[in-house]
Structure formats: C-alpha cells, structure tokens
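> need a 3D model of the following:
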Amino acid sequence: MNRLSIGTVVRAHGIKGWLRVRANSDVLTTLDRVFVDGRELRLLHVQAEKSEYLVQLEGVVDRNAAEALRGHTFDIDRDKLPALAAEEVYVADLIGCQVFDPGGARLGEVTSTFPGGGHEILVVKGTREFMLPLVDAIVTEIDVAQRRIVCDPPEGLVNLDEADSDQS
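Numbers count the residues shown, from 1 in each chain. Next up, the predicted model:
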C-alpha cells in the first residue's frame, strides 16, 4: 500500500497519553485512523491548537506511551487523501526531488519541509543547505513524476557565502 506522511509527533501533551502533532495539512481532522510505525491506530480525538494538533490515539493511555512516540510520523494510505487539482502537489511528495536553477545546474535535493507562515519552506541540501520558499515567483516548475524542481531564487539565497564576499 502506498502511504504518505501527514505529520510528526512533536511531544507528549499532559499525562493521559495525548500527543502534540505537527501536521502538513488539516487532513488529520478528517481521518479516523493513522499508521504509526506500520501499526494502524484509531484516532479518538483531534483538536487544532495554534499551528499544531492535540491528538488522542487508541491504546496510548499515559505520558510514557505518548513520549515513546516522539518523532514518529503519522502516515495514511494515499487513497484516503482528497483528490488534487492538476497543478497541486502534496508537499511530502517533494522530498527527494532534485532542485535545478533555470539554466539546468543542480542545486541540491529536497531533504525536508516545514511551514513558513504563508507558505511551505523546502530544505535543500547541495554543496550547502539552504531554505527555498515554495512560492510561484521562486519555484517555477515542479515535476513530481520526474522528481525534478526548477527554481529561480533571488540573488544570495543559494550562495549566501558568495553574496557576503561580493559586499566586502
């Protein structure tokens, strides 16, 4: 079965087994089950709180059990996700994509993502690591099938060291 990560357990919340989860979207609120370490667990309660969710899972009844899940991902079967429009992608599908500049030079590989306020941030590891805002003005092409992203970053975003030395 093809599964997709939709969130990560940040930490335990309280003493009754509740979890604080950072999710990629609000799809978590629409589900009744998730997979954690390959085990399917029933969601008893999901509540949005600030930029995270408070979650109660069946079988996680105390703080120790909740703490044991810190750092683990919540995965779901891809067919449980809502259908996307043609130009939309799941951010989790971008991890592992190669990133290129408009001239075809490889800048690195997307290793992770995180929310950056109004848009997602892609963490790209190349000769050095840099943060790439996932906005149309910078990310000009995404081809998930080819595992390829083309971006036109502003000056200094990718080569901050060079930008710093030019100002000296």
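> show me the contact partners of stretch 97-115.
Contacts to stretch 97-115, defined as C-beta atoms under 8 Å, 6 or more residues apart in numbering, come from residues 24, 51, 91-92, 94-96, 120-127, 129-130, 132, 134, 140, 142, 144, 147-153, 158. (C-beta placed from N, C-alpha, C; glycine too.)
> hmm, try it at 7 Å
Defining contact as C-beta atoms under 7 Å, 6 or more residues apart in numbering, one finds that stretch 97-115 is touched by 51, 91, 94-96, 120-126, 132, 147-152, 158.
> what about that stretch, how long is it end to end?
In stretch 97-115, first residue to last residue: 18 Å (C-alpha to C-alpha, to the nearest Å).
> ditto for stretch 48-68
Where stretch 48-68 starts and where it finishes are 22 Å apart, if you go by C-alpha to C-alpha.
> hang on, the earlier thing: can you tell me which of the contacts of stretch 97-115 are buried?
The neighbour-count criterion (16 or more other C-beta atoms under 10 Å) marks 91, 94, 120-124, 132, 149-151, 158 among those as buried.
> pick the one among the residues you listed closest to A85.
Nearest to A85 among the buried ones among the contacts of stretch 97-115: V91, at 14.8 Å, using C-beta to C-beta.
> who's in contact with the nearest residue to E58 once chain neighbours are set aside?
Ranked by C-beta to C-beta, 6 or more residues apart in numbering and with sequence neighbours excluded, the top spatial neighbour of E58 is R42, at 4.0 Å. For R42, the contact set (C-beta under 7 Å, 6+ apart) comprises 32-33, 58.
> cool, and D32?
Here D32 is in contact with 42-43 (C-beta under 7 Å, 6+ apart).
> any idea how far L44 is from it?
9 Å (C-beta to C-beta, to the nearest Å).
> show me where the chain has its helices.
Secondary structure of the chain by DSSP state H: the helices cover 63-67, 160-166.
> going by neighbour count, which residues in the shortest one are buried?
To tie it back to what came earlier, the one meant is helix 63-67. So, applying 16+ other C-beta under 10 Å, buried residues of helix 63-67: A66.
> quick one on the thing from earlier: would you single out the least confident of the helices of the chain?
For the helices of the chain, the bottom mean pLDDT is recorded on helix 160-166, which sits at a mean of 47.
> hang on, the earlier thing: just put the contacts of R42 in TSV and tack on distance to R20.
Below are the contacts of R42 laid out as TSV (distance: C-beta to C-beta, whole Å):
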residue	distance to R20
D32	20
R33	19
E58	18
